[in-house]
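K.L.:
Pasting a predicted model and its sequence here:
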Amino acid sequence: MSLFPAQKIVFDLDGTLIDSAPDLHAATNHVLEHIGRKTVTLDQVRHMVGYGALTLIKLGLEATGDGDEYTPEELRPVFLDYYGKNSTAHTRLFDGALDMLQHFRAAGVDLAICTNKPFLLTEPILANLGLRDLFSAVSGGDSFDFKKPDPRHILETASQMPGEGPIVMVGDSRPDIEAARAAGVPAIAVSFGYSQTPVHELAPDRVIDSLAELKTLITPA
Ligand SMILES: O=C(O)COP(=O)(O)O
Ligand SMILES: [Mg+2]
């Protein structure tokens, strides 16, 4: 088994560490009901997450109507207002997430979150799930002028972490893996996330079926 040495692990959030689809589903349907559209299913939403709120709204609009009656931009405040108040009603950590994160902190590995979610929504979710203190850097899709799949999102997040050393990215979908590859950083993909295509087709360096596997795959550098 080839190992990935790391001093810094940069994690995607939705679909990787947290199963947030139920709350994102509710917020998406809140927007759709607000404009008199039919709702979408949880399974549909699970394949729409990863590129941020605007893309989620856009895909929700495309799935429920035609024409350009509404823009994602004008509906974004409706989405964010609802989601901001209901972001951890049903959201839970994936199995083994907390134990794995604590394992790496105890080994002196630095951890970060690099999500395409808005930054101001990310912090309360981490706090509500008891995770905030585990991360030395947290960046959202609006923290910089660029976001995943732009490699600078990963590299700028990593530059905010203390220390120097090799980086590993762990994510669930195309923007994570493309950003990691362009950044020259190994990409480990979880198989249970929200990817639109099977993650092995995106050619990450490794696919894992459980977060606990990271404890043997990644070695403290
Ligand atoms: O699409 C989003 O809102 C965020 O998704 P991510 O945490 O997987 O980057
Ligand atoms: Mg994700």
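P.N.:
Received the coordinates, thanks. Ligands and ions are numbered 1, 2, ... in the order given.
K.L.:
Tell me which residue in the chain sits closest to ligand 2.
P.N.:
Gly15 (3.8 Å; Cβ to the ion). The C-beta positions use only the backbone N, C-alpha and C, and glycine is treated the same way.
K.L.:
measure the closest residue to that residue other than its chain neighbours to Asp66 for me?
P.N.:
Nearest non-adjacent residue to Gly15, counting by Cβ to Cβ, 6 or more residues apart in numbering: Gly193, 3.1 Å away. Separation of Gly193 from Asp66 (Cβ to Cβ, to the nearest Å): 29 Å.
K.L.:
Between these two, which has more neighbouring residues?
P.N.:
Shown here are Gly193 and Asp66; by other Cβ atoms under 10 Å, Gly193 has more neighbours (22 against 7).
K.L.:
Would you agree that one falls within a helix?
P.N.:
No - counting by DSSP: H, G, I helix; E, B strand; the rest coil, Gly193 is located in no helix; its state is coil.
K.L.:
So what's the residue count around the nearest residue to Lys147 once chain neighbours are set aside?
P.N.:
Excluding the flanking residues, the one nearest Lys147 by Cβ to Cβ, 6+ apart is Gly141, at 4.2 Å. Look at Gly141: counted by other Cβ under 10 Å, it has 23 neighbours.
K.L.:
Next: the one 3 residues further on.
P.N.:
A count of neighbours around Phe144, defined by other Cβ under 10 Å, yields 14.
K.L.:
Chain neighbours aside, what residue packs nearest to it?
P.N.:
Of all residues beyond its chain neighbours, the one nearest Phe144 is Glu156 (5.6 Å), with distances taken as Cβ to Cβ, 6+ apart.
K.L.:
Cool, thanks, signing off.
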